[in-house]
Structures are given as C-alpha cells and as structure tokens.
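A.B. asks: Fold the following and give me the result.
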Amino acid sequence: MTTPFTLDPAKYTRFSFERSGRVLTAFIDSKHPVNGVDAAMHDELAQVFTDLQRDAGSDIIILSAKGRAFCAGGDMDWFDEQIENPASFRDIAWDAKRIVMSLLEMEKPIICRLNGAAAGLGATIALLCDMIVADETAKIGDPHVKVGLVAGDGGALIWPQLVGYAKAKELLMTGDMLTTAEAQALGLINYAVPAAELDTKVGELVAKLQANPRFAVRWTKTVTNIPLKALAAQIMDASIGYESVSNYMDDRAEAVTAFKEKRAPKLTGE
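C.D. replies: Numbers count the residues shown, from 1 in each chain. As a prediction, the model looks like this:
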C-alpha cells in the first residue's frame with residue numbers, strides 16, 4: 001500500500017506553511033523585504049504547487065505571504081547575475097513553464113490572500129489562483145518591461161483572459177501598476193477589502209467551498225482550466241524564448257541599473 005504524501009516544510013527555504021483542519025496555507029516567506037524572486041525561490045515555485053496538490057491532508061489551499069509584500073517580482077541582484085551570465089536565465093526556462101503549468105494543473109481550489117504588492121511573476125502567480133482576496137491598499141501589475149524583459153513567464157497568458165486584450169496590452173506594455181480597487185473594477189481580482197478583513201473574507205470563501213462536495217468543486221475547476229492549459233501549451237515556449245532573448249539586450253542592463261539607482265533609464269532601443 002502506498003503511503004499518502006504529506007508536504008514536508010523542511011524542503012523549503014522560501015515558504016512556510018500552516019494547517020487548519022483540511023485547509024493548508026502556504027506563505028511566501030523569503031525574508032527578502034518584498035519577497036523578491038531569487039534563484040532559490042524560483043526553484044521552489046516550480047515544485048511547491050505539485051507538492052500542495054499531492055498533500056493528502058488538505059483539500060483547500062490558501063496562498064499568501066509573510067511581510068509587507070506578496071511578491072514584488074524578480075530580485076535585482078538576481079537580475080544582475082542573469083545579465084552577467086545569460087546562460088543562467090536560459091537554464092530556468094523549464095522551471096518558468098513548470099510554475100505556470102503546475103498552478104493550472106492543480107485540482108484543489110487555491111485562494112490567493114493578497115496581503116501586499118504583487119508584481120511581475122508575483123502578479124502572475126496570484127492571477128493563476130482561482131480566487132483573489134486582496135488588501136485594498138495593495139497594488140498589482142506586471143512591470144517586466146520596466147526592467148527590460150518580455151512579460152513571458154505567464155503575464156502574456158493570463159492578463160488578456162481576465163481583462164481583455166486591449167486593456168491587457170496597455171498594462172503589459174506600459175508596466176503600470178493598479179490599485180486593488182482598480183483591479184477589482186476590471187474583474188482582475190475578486191475582492192479588495194481592508195487588511196483587517198482579509199482573513200474573514202478568505203474564511204467565507206473557504207466555508208462556501210467546504211459546503212460543496214469536494215470532487216465536484218475540484219473537477220469543476222479542472223474542466224474550467226482546460227482552455228487555459230491549452231493556451232499555455234501554445235504560447236509558453238515562445239513567450240519564455242522571447243523573454244530569454246530580451247535578457248541579452250543593452251536596454252535590459254540599463255533598465256535594471258537605472259531602477260537600482262532610482263533614476264530614469266537612458267535607453268538606446270537596443
């Protein structure tokens with residue numbers, strides 16, 4: 001007889017976990033000031049959703065974060081490493097696809113408790129969850145272009161499906177951030193509430209899910225995600241490829257340097 005799989009928190013250095021009955025909360029918990037994605041977090045993001053799905057002790061997943069931000073995208077020091085050694089960017093391509101696909105393949109419902117800013121990959125991860133309850137003071141956006149990258153690690157996939165192509169292209173090509181009130185008005189997230197009400201609202205959604213038959217809920221999500229998985233299969237190779245190429249550009253290095261120096265970038269178009 002196969003032993004049921006239980007998620008092992010000791011495997012993770014960028015996440016922490018809490019259980020309440022059959023609800024498992026995963027916290028992005030990197031100790032980085034804004035939970036910036038570094039190599040270790042990227043590795044763990046490519047594995048954690050598979051482990052959460054396989055965990056026998058849970059039926060519902062809540063994804064949140066410790067600290068003042070949910071996940072503010074790539075860590076700038078990691079960006080410097082990628083610019084200096086482009087092969088290191090190429091080497092994460094498979095994991096970048098795995099992050100997106102493992103979220104879409106998860107059968108268990110996953111609720112994002114968005115406790116602070118979500119940018120870039122952080123926003124993609126939030127938007128690939130099934131429902132989002134956000135702190136009304138938080139912001140969400142995909143500013144890949146601001147650091148010289150194509151929005152290839154899921155942004156070009158999920159934003160158009162949620163807000164339509166015209167608005168998605170505006171937001172992805174400008175890199176503008178939205179307040180969660182604006183995001184709710186666009187249909188990008190489910191609820192924007194005061195921080196003190198986050199847990200109450202998430203709890204209401206959990207209770208509604210738990211009141212329904214487990215596999216009816218899971219498999220309704222599964223069939224709803226079929227078109228998204230098909231679309232991801234169509235575009236993720238190309239989008240990650242274009243993002244990898246953009247990492248070689250001169251303007252990529254200048255955009256990151258300017259961001260770190262808190263000044264306007266001196267772009268050349270190359």
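A.B. asks: rest of the way, CA atoms for contacts and neighbours
C.D. replies: OK.
A.B. asks: From Ala96, how far off is Lys31?
C.D. replies: 22 Å (C-alpha to C-alpha, to the nearest Å).
A.B. asks: Neighbour count for those two, which is higher?
C.D. replies: Between Lys31 and Ala96, Ala96 has the larger neighbour count (other C-alpha atoms under 10 Å), namely 21 against 13.
A.B. asks: Now that one: which helix or strand?
C.D. replies: With elements taken from DSSP states H and E, the one containing Ala96 is helix 93-105.
A.B. asks: All the helices of the stretch 51-200 of the chain, residue numbers only.
C.D. replies: Along the stretch 51-200 of the chain, counting by DSSP state H, counting those that start in this stretch, helices occupy 76-84, 86-90, 93-105, 121-127, 155-163, 165-174, 180-186, 198-210.
A.B. asks: Identify the residues contacting the spatially most central residue of the chain.
C.D. replies: Closest to where the C-alpha atoms of the chain average out (C-alpha atoms, centre = their mean) is Ile125, at 1.6 Å. Applying C-alpha atoms under 8 Å, 6 or more residues apart in numbering, we find Ile125 in contact with Val100, Leu103.
A.B. asks: I'd like the distance from the lowest-mean-pLDDT helix or strand in the chain to the chain centre, please.
C.D. replies: The least trusted helix or strand in the chain, going by mean pLDDT, DSSP states H and E, turns out to be helix 86-90, with a mean of 89. The gap between where helix 86-90 is centred and where its chain is centred comes out at 21 Å by C-alpha atoms, centre = their mean, to the nearest Å.
A.B. asks: what packs against that helix?
C.D. replies: Counting contacts by 3 or more C-alpha pairs under 8 Å, 6 or more residues apart in numbering; DSSP states H and E, helix 86-90 is packed against helix 76-84.
A.B. asks: Show me which helix runs longest in the protein.
C.D. replies: Longest helix of the chain, by residue count under DSSP state H: helix 226-246.
A.B. asks: circling back to that earlier point, buried set for the least confident helix or strand of the chain?
C.D. replies: Pro86, Phe89, Arg90 (16 or more other C-alpha atoms under 10 Å).
A.B. asks: again with stretch 11-26
C.D. replies: Buried positions in stretch 11-26, judged by neighbour count with 16+ other C-alpha under 10 Å: Tyr12, Arg14, Phe15, Ser16, Phe17, Val23, Leu24, Thr25, Ala26.
A.B. asks: Would you agree the first one is in contact with His42?
C.D. replies: No - shown here, Tyr12 and His42 do not form a contact pair, counting by C-alpha atoms under 8 Å, at 11.5 Å.
A.B. asks: Under the pLDDT cut-off, which ranges of the chain? List them.
C.D. replies: 1 (pLDDT under 70).
A.B. asks: Count the neighbours of the nearest residue to Lys201 once chain neighbours are set aside for me.
C.D. replies: Spatial nearest neighbour of Lys201, excluding adjacent residues (C-alpha to C-alpha, 6 or more residues apart in numbering): Val133 at 7.2 Å. By other C-alpha under 10 Å, the residues close to Val133 number 26.
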